[in-house]
Each structure stands twice: as C-alpha cells, then as structure tokens.
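Chemist: what's the 3D shape of this:
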Amino acid sequence: MLIPPLRLSIATIRFVLIALSLAIFDIPSLRAEVFHGTVEVTGTNNATTALTPVALSDPGIGFSSGNFGDYAVTLPGGLGVNEGVLIAAIAELESAATFPGQPTLAATDGLFTPNEYSVSVFASVTGLNVEANADFAFAWFDHDDWLCGTMRNATNNGPASSLIASTGINLGSEFIDPAGTGGEYDLDLTALNGSSSDGILLVNGAKNEDNYALSRANNDGTFTIFCRDNFNDSFLENDPVNFVYLSKNDIGTDGLVALGRIEQDSDVQVGGGTFTTIGANGQILLQILGHSPETGTLLVSHEGGGTVNDDNLLSFEWRPDF
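Modeler: This next block holds a predicted model:
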C-alpha cells in the first residue's frame, strides 16, 4: 500500500525551487546516536505555547518552550554541542495560528547551555524579524559517526572564531571562512570521503537570530555554505552555522532510509534509498513507501548559490489527502 506523500514548498510564491536536500530516518533508529523526531507546536503567545511530540526515536528526548518561537530540546545523557550537531526543519507549510497566509518560516538552532539546544523559528516575511510558532522536525548527529560541525564567531557578523566538529574537520583547512566573502563558507570533506557527488549536506543557522543557512554542491566535490539574514534577504551575514554530511552509501544502516538532492523539476541529482518525487515550480510531492510522520523523521535543507534560489526557504507538511 502506498503511503500518502509529503508536500514540500518554498517560502514565498515569487521564487522557484531550484534544489533541496532531504533525509528520512526510521523510528526507532538502528543507531542510538541519532536522536530525532517531529513535534507539533500550538499557541499564539508565551503562555499558550505547547509542544506535543508526534513521534520520537527515544523516550529520553525532552522538550520545553523557553518562550514563543523558542523550543528547548534536551537529549539523553546531557549530549550537546561538544558531542554532536542538531539540525531542525519546519514541518508545516504555514503557521495558521500566528501568521495565516504566510507560507514557511525559517528555523535556526542555537544553545541555551552546552547541553540544551534551542530551536528558534522566525516568520519568513522580509523585514519583520519576529518569531513565530511552527511544527518542526529535528535530528541530532554525533561527531564520532557523522561528518558534522558547528561554527561560531565571537562577535555578531564577525569572522569565524571556533569550530566544534568531527575529527579531521578543522577551521582554516576543511572549513574555511574566506576573508571578504561575508557569510559564505567553504567546506571540503573530500579527504574524509565526503564528496558532494556521493551525498548531501544538511545545514542550519546556529544562532537565535533571524538567519538561516543554505548550501551549494560544487562540481569539485566540495560544498559552499551561506548564512543569510532573513530580515534583509539580499544580505549575507557572517554568523554561526551547523552542517551534517550524509552519504548515499549509508542507506539501509543507522536508521537512514532515504536521502536526496532534488532539482526544481523534481529530478533527483543525488539520491539514495527508495522514494519518488513529482512536481515543479516550487512544490514537490515526496513519497517514501511505508513511511509517515509516525514511522520516521523527514528533514529538508535549503539549497542556494544559484541565480534564483539564493534566498529561498523550505518547509514540508504531511498531506494524507494526496
């Protein structure tokens, strides 16, 4: 029996979707180090905000709402930024309760403390710079088993000052913050078997600010990461980012069911696992046989660096009516 597909959408109808990266994990994961799930968020202010997990890979994952648009995520054993990376994605096409008619919101993730993550959600309206409630999906990847990292800076819009990452990924060599580019970073994982031709990169902004991250797969096997200021969508900001590389060779192990980098016409540029994509012009129907939000976690990540996708936002939503 076919499971109804998910619908994915770009942030605003004036842009077309060039590409997206996606990954889905089984619940439960085969490997305990991948903690993941999907959370439903309701409420229109601090007092009424409530979080309800749809499905989690581990019952030890905890949640609370720091305030409207900020959600604290804690992992079993107090795991945090020193051990791995959290990636989050918006899991509804619009936040009807707080911003009706505004498709997609931007998700970032930062830290309240070294072992408590903050998933922060901002409205996608350019120039607004306000937080909003929205359903979200997330996954945490440990440094030992995945190629991943978190770049930080010491001052707002300042140069990269630290990188907490997997062994072999170093600031200034594998991860480079070039002088003069401002919000554009180079990532070369080819020496670690992390080529863009064999896998995808998931990225997030890593600061509680109206920023979001995008990535571009380059022909030489490397990636470029962009940090964009959503308040002014023509402006790149040299602020923190998170990244995780997933290889198509990992499909079938470690809970990873499928991954792909999808073009605007729904063609698969890089893929692993079994899935189908249909659609174009900013909306894609994704079908993964045998999976729904109750059986797995879907993550989507922004692709950028092109002429028309340099400021596109992405979200997805389960649509049983398709």
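Chemist: Residue 276 and residue 287 touch, don't they?
Modeler: Yes: with contacts counted by C-beta atoms under 8 Å, residue 276 reaches residue 287, the gap being 4.7 Å. C-beta coordinates here come from the backbone N, C-alpha and C atoms, glycine included.
Chemist: Settle it for me: which of these two has more neighbours?
Modeler: residue 287 (16 against 13; other C-beta atoms under 10 Å).
Chemist: looking at it, the more buried one is touching residue 266, isn't it?
Modeler: No: between residue 287 and residue 266 there is no contact, the gap being 11.1 Å when judged by C-beta under 8 Å.
Chemist: List the residues that are in contact with both of the two.
Modeler: 277-278 (C-beta atoms under 8 Å, 6 or more residues apart in numbering).
Chemist: partners of residue 298 in the sheet?
Modeler: residue 24 (DSSP bridges).
Chemist: Surely it is in contact with residue 24?
Modeler: Yes: here residue 298 reaches residue 24: they are 4.9 Å apart, a contact under C-beta under 8 Å.
Chemist: list the residues that contact both of these two?
Modeler: Joint contacts of residue 298 and residue 24 (C-beta under 8 Å, 6+ apart) are residue 288.
Chemist: What's the first helix or strand after whichever strand or helix holds residue 148?
Modeler: Assignment of secondary structure by DSSP states H and E places residue 148 within strand 147-153. Downstream of strand 147-153, the first helix or strand assigned by DSSP H and E is strand 160-165.
Chemist: what lines up beside that next one in the sheet?
Modeler: Per DSSP bridges, strand 160-165 is paired in its sheet with strand 147-153 (antiparallel).
Chemist: From the chain's centroid, how far away is the strand it pairs with?
Modeler: For strand 147-153, the separation from the chain centroid amounts to 14 Å (computed by C-alpha atoms, centre = their mean, to the nearest Å).
Chemist: Same check on stretch 286-299?
Modeler: 16 Å.
Chemist: end to end, how far does that stretch reach?
Modeler: Stretch 286-299 stretches 12 Å from its first residue to its last (C-alpha to C-alpha, to the nearest Å).
Chemist: now swap in stretch 271-283 and tell me
Modeler: By C-alpha to C-alpha, one end of stretch 271-283 lies 18 Å from the other end.
Chemist: buried stuff in it?
Modeler: 271-273, 275, 277, 279, 282 (16 or more other C-beta atoms under 10 Å).
Chemist: What distance do you get for the nearest residue to residue 93 once chain neighbours are set aside to residue 285?
Modeler: Leaving aside its chain neighbours, residue 93 sits nearest to residue 317 (4.5 Å; criterion: C-beta to C-beta, 6 or more residues apart in numbering). Distance, residue 317 to residue 285, by C-beta to C-beta, to the nearest Å: 11 Å.
Chemist: Remind me what the helix or strand containing residue 117 packs against, helices and strands.
Modeler: Assigned by DSSP H and E, residue 117 belongs to strand 116-123. The contact analysis (3 or more C-beta pairs under 8 Å, 6 or more residues apart in numbering; DSSP states H and E) places strand 116-123 against strand 70-74, strand 84-90, strand 105-113, strand 136-142.
Chemist: Which one of these lies nearest to residue 312?
Modeler: Residue 312 lies closest to strand 105-113 among the helices and strands packed on strand 116-123, at 10.8 Å (C-beta to C-beta).
Chemist: Return the distance of the nearest residue to residue 42 once chain neighbours are set aside relative to residue 231.
Modeler: Leaving aside its chain neighbours, residue 42 sits nearest to residue 50 (5.2 Å; criterion: C-beta to C-beta, 6+ apart). According to C-beta to C-beta, residue 50 stands 28 Å off from residue 231.
Chemist: Provide a list of residues in contact with residue 201.
Modeler: 21, 187, 215, 217, 223, 225, 243-246, 301.
Chemist: redo that, cut-off 6 Å
Modeler: Counting by C-beta atoms under 6 Å, 6 or more residues apart in numbering, residue 201 makes contact with 215, 223, 243, 245.
Chemist: Shouldn't it be within a strand?
Modeler: Yes: under DSSP: H, G, I helix; E, B strand; the rest coil, residue 201 sits within a strand.
Chemist: how many neighbours does residue 77 have?
Modeler: 11.
Chemist: Now do the contacts for it.
Modeler: Applying C-beta under 6 Å, 6+ apart, no residues qualify as near residue 77.
Chemist: From residue 140, how far off is it?
Modeler: 11 Å.
Chemist: so where is the protein shaky, pLDDT-wise?
Modeler: 1-21, 25, 27-33, 95-107, 110-114, 125-128, 233-234, 307-311, 322 (pLDDT under 70).
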